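A.B. asks: 3D model of this:
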Amino acid sequence: MNAVAQTIEAIAEQDVAAIVAAQNDKFRRNIALEGETDVPDGRVVITSGVEEQGPAFVVAALRKVAAFDGFTDDCDPGGRHEMGAVEVGPLTVWFKIDSYDRDYRYGSDAPADPDQTRRVLTVLFPDEW
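C.D. replies: So this is what the prediction gives:
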């Protein structure tokens, strides 16, 4: 592949990353039921470790995840807003968004296309990774 083709491919990947990031943000913010429209389809999964902390902790964690806006090059090198960490009281909680096909069986071939993609947001403790 020549330099021009590589540059075009890199720009296209940046555009896809920006689209996926916007969709991931909208999906993540909607777990707090903020009334967003055109929210991408998906599911939220809470690990057993997080669930064992009780309903109040789970609600607090979900609110923190929904409000998260601390994406940096260090924690989000691909620019897709797929993973982050929040503090809930003294505990660190991670979240991860994965893109699947419409049947939740395989990774999505087109993560920027909401018609072909379903998101799964997992809320977990670092030691559950």
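A.B. asks: and residue 56, how many neighbours?
C.D. replies: Neighbours of residue 56 under the rule other Cβ atoms under 10 Å: 9. Every C-beta, even on glycine, is put in place using the N, C-alpha and C of the backbone.
A.B. asks: and if you look at the one 3 residues further on?
C.D. replies: As a burial measure, residue 59 scores 12 neighbours (other Cβ under 10 Å).
A.B. asks: secondary structure element for it?
C.D. replies: Assigned by DSSP states H and E, residue 59 belongs to helix 55-67.
A.B. asks: name the helices or strands packed onto that helix?
C.D. replies: If you count contacts as 3 or more Cβ pairs under 8 Å, 6 or more residues apart in numbering; DSSP states H and E, helix 55-67 packs onto helix 3-30, helix 48-51, strand 83-88, strand 91-100, strand 118-124.
A.B. asks: again, 6 Å this time
C.D. replies: Helices and strands touching helix 55-67, by 3 or more Cβ pairs under 6 Å, 6 or more residues apart in numbering; DSSP states H and E, are strand 83-88.
A.B. asks: mean confidence for the strand it packs on?
C.D. replies: Mean per-residue pLDDT for strand 83-88: 96.
A.B. asks: just to revisit the earlier point, which positions within the helix holding residue 59 qualify as buried?
C.D. replies: Going by neighbour count (16 or more other Cβ atoms under 10 Å), the buried part of helix 55-67 is 57-58, 60-62, 64-66.
A.B. asks: no more questions from me, cheers.
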